[in-house]
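Trainee: how would this look folded up:
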Amino acid sequence: MFHKVEKHVRGDGSLPPLAKPSVIHMGTNGDSKTLNVYASMASEYAAMAKEYENDPSLSDFIARMKKGGHVLDLGCGPGWAAARMAAAGLLVDAVDAVPEMVEMAARFPGVRGRLGTFEDVSGCGLYEGIWANFSLLHASRPKLPHYLAKLREALKPAGLLHMGMKTGSGSKRDRLGRLYTYVAVNELNEMLMQAGFSHECTRTGSGKGLDGTTAPWVTILSRR
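Mentor: Numbering: from 1, shown residues only. Reported below is the predicted structural model:
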């Protein structure tokens with residue numbers, strides 16, 4: 001179950017400033033060190049994410065959705081993708097495990113902010129599309145098949161899943177302390193196929209992250 005984050009508007013119509021970052025203890029639902037990095041650096045991450053507002057993968061994803069379609073932005077961060085989807089007329093649930101991120105995402109018109117983890121995804125046939133853009137790379141490798149099965153179940157028939165991951169092997173922490181699971185492109189394709197998805201398209205590239213290092217990545221669009 002996701003927990004709704006309400007927007008509190010002042011009398012002059014403006015939104016209050018973000019609360020002071022909190023320390024998060026997620027137990028088995030997430031790596032607390034990773035989540036605390038995002039909480040303490042939420043503003044820096046939001047500033048960096050502005051570079052990706054015109055992401056062609058997101059443009060393609062939106063173009064494939066029907067007007068008014070229901071979509072899930074899983075691991076929404078500051079909400080840049082959720083905002084674009086909502087502006088395009090989609091009904092957007094923006095979900096993140098970091099309260100500071102959810103609060104930022106919920107400020108955008110038409111975006112419903114929800115506090116939750118990958119484990120909280122539930123329900124059957126809810127969404128026309130799920131945008132999981134470089135969020136599941138913080139899940140442990142043994143858990144990825146489990147999460148993919150949950151996401152497939154949450155999609156409507158023929159629904160689309162966009163998934164972005166960093167490519168490589170193994171798991172390790174970056175310079176900021178965030179824990180990553182790296183995958184090979186063929187490994188991720190195999191996981192998606194085993195979960196019951198059919199391949200639509202693949203994009204690869206490289207980019208600089210919050211820790212200042214450049215790393216290769218892959219995004220795969222799949223259909224239920």
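Trainee: got any ranges where the chain has weak pLDDT?
Mentor: Low-confidence segments of the chain, defined by pLDDT under 70, are located at 1-30.
Trainee: tell me which stretches of it form helices.
Mentor: In the chain, the segments counted as helices under DSSP state H are 32-40, 42-49, 56-63, 80-87, 99-105, 144-154, 185-194.
Trainee: now the fourth one, how far from the chain's geometric center?
Mentor: I take that to be helix 80-87. 12 Å (C-alpha atoms, centre = their mean, to the nearest Å).
Trainee: list the contacts of it.
Mentor: Residues from elsewhere that reach helix 80-87, judged by C-beta atoms under 8 Å, 6 or more residues apart in numbering: 46, 49-50, 52-53, 55, 58, 61-62, 65, 71, 73, 76, 92, 94, 105, 108-111, 131, 133. C-betas here are computed from N, CA, C, even on glycine.
Trainee: equivalent analysis for the last one, please.
Mentor: Outside helix 185-194, the residues that touch it by C-beta under 8 Å, 6+ apart are 144-145, 148, 161, 163, 165, 167, 183, 199, 202, 204, 218, 220, 222.
Trainee: out of those residues, which is nearest to Ala154?
Mentor: Leu161 (9.4 Å; C-beta to C-beta).
Trainee: quick revisit: out of the contacts of helix 185-194, which are buried?
Mentor: Listed as buried from those are Leu144, Leu148, Leu161, Met163, Met165, Thr167, Val183, Val218, Ile220, Ser222; burial here means 16 or more other C-beta atoms under 10 Å.
Trainee: these in strands, which ones?
Mentor: Counting by DSSP state E, the part of these found in strands is Leu161, Met163, Met165, Val218, Ile220, Ser222.
Trainee: close enough to count as contact, the last one and Thr202?
Mentor: Just to be clear, that refers to Ser222. No - if you go by C-beta atoms under 8 Å, Ser222 and Thr202 don't touch, sitting 9.6 Å apart.
Trainee: find the residue at the geometric middle of this structure.
Mentor: Gly75 (2.8 Å; C-alpha atoms, centre = their mean).
Trainee: with adjacent residues omitted, what lies nearest to it?
Mentor: In space, and not counting its chain neighbours, Gly75 is closest to Ser135: 2.3 Å by C-beta to C-beta, 6 or more residues apart in numbering.
Trainee: and that neighbour, what is it in contact with?
Mentor: Applying C-beta under 8 Å, 6+ apart to Ser135 gives the contacts Leu74, Gly75, Gly77, Phe118, Gly164.
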